[in-house]
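S.K.: Pasting the sequence and the predicted coordinates here, then a few questions.
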Amino acid sequence: MTAESSNPGGSLLLAWQLKNKHVLIIGGGEVASGRIESVLIANARITIICPSQGLHSITKRFINGSHPITYHDRVFDGAEDLDDVDMVLTAIDDVAQSRIIYSLCRDLKIPVNVADIPDSCDFYFGSQIRDGPLQIMISTNGQSPKLANIIKKKIQKSLPNRAGEAIRKVGDLRSKLKDRAPGVGGEVSKRRMKWMVDVCTSWEMDDLALLNEETIKRLLDDGWETNSVPPPDDVVGRRNRTFDAAPTSIHVFPCMVAFIAGAACAGVLLFSRHR
Ligand SMILES: C[C@@]1(CC(=O)O)C2=NC(=C\c3[nH]c(c(CCC(=O)O)c3CC(=O)O)Cc3[nH]c(c(CC(=O)O)c3CCC(=O)O)/C=C3\N/C(=C\2)[C@@H](CCC(=O)O)[C@]3(C)CC(=O)O)/[C@H]1CCC(=O)O
Ligand SMILES: NC(=O)c1ccc[n+]([C@@H]2O[C@H](COP(=O)([O-])OP(=O)(O)OC[C@H]3O[C@@H](n4cnc5c(N)ncnc54)[C@H](O)[C@@H]3O)[C@@H](O)[C@H]2O)c1
């Protein structure tokens with residue numbers, strides 16, 4: 001991409017690491033319940049501040065479940081609620097209060113999202129697709145959240161089967177490879193990266209998804225150690241590979257009947273022409 005072809009007016013897309021960080025969610029309605037789900041997936045610690053009569057049923061379920069959530073049955077109380085907070089998400093039906101929370105967060109340099117006031121957001125949420133470790137976010141940069149949702153459904157339909165599983169297995173393979181050939185940077189990094197690229201580009205995603213502890217070891221022994229990428233048949237076994245993809249007799253039988261019938265018709269046609 002050249003400087004000329006870049007597209008200004010966008011936002012920075014990142015995969016923000018929230019593990020063990022403290023996220024304050026103000027409000028407990030439907031929008032807040034979506035925020036809680038997104039933040040829990042990222043393994044954050046959560047505090048929710050919202051009067052109990054305003055809690056959505058999904059928010060109640062999160063609060064009553066076994067999640068790392070502290071709940072306060074009250075309204076937001078001011079700057080002291082922001083002590084030791086790494087991120088603030090507000091989803092309340094009170095614009096004046098939202099603006100106050102935003103400016104407190106700005107003063108304290110705490111990143112904040114205010115659900116219905118885009119110009120009071122340090123970052124926006126987006127429409128999300130998740131399949132295990134695979135996450136895809138569609139953002140329209142505040143222009144049309146509904147179109148983001150519609151585009152998400154189209155992307156979902158076009159994703160390869162078992163992509164999440166394949167990614168998880170490749171993650172296992174990468175970490176076993178790093179144990180076997182440790183070190184950061186230099187020749188070992190270069191060789192590791194090249195071999196991983198070769199594995200990912202020469203194996204189908206379905207084959208990668210079939211890897212397990214035993215076959216990962218075989219792939220490293222037969223592939224990494226000899227600087228090659230063996231075909232999936234030699235590692236995960238032809239029987240395993242064809243198990244999912246193989247057409248069943250239910251599918252094969254009608255095809256055979258159709259083929260024989262077609263051949264018989266062609267034969268009859270040719271025979272009658274000759275006469
Ligand atoms: C993607 C998603 C994620 C999520 O919230 O988790 C999300 N909004 C979703 C749905 C949705 N939100 C709204 C509608 C009604 C239809 C419509 O207005 O289009 C629908 C659709 C529906 O309900 O079906 C109303 C709305 N939204 C915002 C405003 C304020 C404004 O625009 O001024 C208003 C009131 C406008 C008004 O009063 O008229 C603002 C924001 N909403 C964003 C995200 C951020 C920009 C995202 C982007 O650029 O793509 C941003 C800027 C801030 C933020 O919230 O982070 C989620 C879809 C998840 C999914 O289904 O996959
Ligand atoms: N960004 C988006 O995608 C999006 C989509 C729809 C709606 N919205 C907006 O987001 C806001 C929340 O939506 P909702 O459907 O969850 O609303 P809701 O009315 O269901 O929930 C709002 C909650 O905030 C609580 N609340 C109000 N003032 C509070 C305070 N000072 N401290 C703590 N809690 C307080 C209320 O008790 C209530 O539980 C609304 O303003 C709505 O217009 C945004």
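M.R.: Okay, I see it. Ligands and ions are numbered 1, 2, ... in the order given.
S.K.: ok, the residue lying closest to residue 222 once chain neighbours are set aside to residue 218 distance?
M.R.: For residue 222, the nearest residue in space outside its immediate sequence neighbours is residue 230; the separation is 5.0 Å by Cβ to Cβ, 6 or more residues apart in numbering. The C-beta positions use only the backbone N, C-alpha and C, and glycine is treated the same way. Using Cβ to Cβ, to the nearest Å, residue 230 is found at 8 Å from residue 218.
S.K.: circling back to that earlier point, can you tell me which residues contact the residue nearest to residue 222?
M.R.: 219, 222-223 (Cβ atoms under 8 Å, 6 or more residues apart in numbering).
S.K.: Please apply the same query to residue 236.
M.R.: Remark: with contacts taken as Cβ under 8 Å, 6+ apart, residue 236 is in contact with 207, 210-211, 215.
S.K.: Distance check, it against residue 216.
M.R.: 10 Å.
S.K.: Repeat that for residue 173.
M.R.: As for residue 173, its distance to residue 216 is 5 Å (criterion: Cβ to Cβ).
S.K.: Ok, residue 226 next?
M.R.: 16 Å.
S.K.: Which one's more surrounded, these two?
M.R.: residue 216 (19 against 9; other Cβ atoms under 10 Å).
S.K.: and stretch 44-60, how far apart are its ends?
M.R.: Using Cα to Cα, to the nearest Å, the end-to-end distance of stretch 44-60 comes out at 18 Å.
S.K.: can you list contacts of that stretch?
M.R.: Applying Cβ under 8 Å, 6+ apart, the set of residues contacting stretch 44-60 from outside is 18-30, 32-33, 36-37, 39-40, 63, 67-77, 81, 85-87, 92.
S.K.: Name the residues of that stretch that come out as buried.
M.R.: Neighbour counts over stretch 44-60 (16 or more other Cβ atoms under 10 Å) mark 44-50, 55-56, 58-59 as buried.
S.K.: Tell me how many other residues crowd the closest residue to residue 84 other than its chain neighbours.
M.R.: Of all residues not flanking residue 84 in the chain, residue 22 sits nearest, at 6.0 Å (Cβ to Cβ, 6+ apart). Taking other Cβ under 10 Å as the neighbour definition, residue 22 ends up with a count of 17.
S.K.: Could you check how far residue 22 is from ligand 2?
M.R.: 17 Å (Cβ to the nearest ligand atom, to the nearest Å).
S.K.: My guess is that residue contacts residue 85. True?
M.R.: Yes: assessed by Cβ atoms under 8 Å, residue 22 is found in contact with residue 85 at 5.4 Å.
S.K.: check contacts around the closest residue to residue 111 other than its chain neighbours.
M.R.: Counting by Cβ to Cβ, 6+ apart, the nearest residue to residue 111 once its immediate chain neighbours are dropped is residue 122, at 4.4 Å. Contact analysis of residue 122 by Cβ under 8 Å, 6+ apart lists 105, 111-113.
S.K.: Filter the residues you listed down to the ones in helices?
M.R.: Cross-referencing those against helices under DSSP state H gives residue 105.
S.K.: For the contacts of residue 122, give me TSV that also has distance to ligand 2.
M.R.: Shown next, in TSV, are the contacts of residue 122 (distance: Cβ to the nearest ligand atom, whole Å):
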residue	distance to ligand 2
105	14
111	16
112	13
113	8
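S.K.: How about the backbone phi and psi for the residue of the stretch 51-200 of the chain found nearest ligand 2?
M.R.: Among all residues of the stretch 51-200 of the chain, residue 54 sits closest to ligand 2, at 2.3 Å; criterion: Cβ to the nearest ligand atom. Per-residue torsions, residue 54: phi -100, psi 0 (degrees, to the nearest 10).
S.K.: Likewise for residue 128?
M.R.: Backbone torsions of residue 128, given as degrees, to the nearest 10, read phi -120, psi 140.
S.K.: gap between it and residue 161?
M.R.: Taking Cβ to Cβ as the measure, residue 128 and residue 161 are separated by 20 Å.
S.K.: So between these two, which is more surrounded?
M.R.: A side-by-side neighbour count of residue 128 and residue 161, using other Cβ under 10 Å, places residue 128 first with 15 against 12.
S.K.: For the more buried one, name its beta-bridge partners.
M.R.: residue 137 (DSSP bridges).
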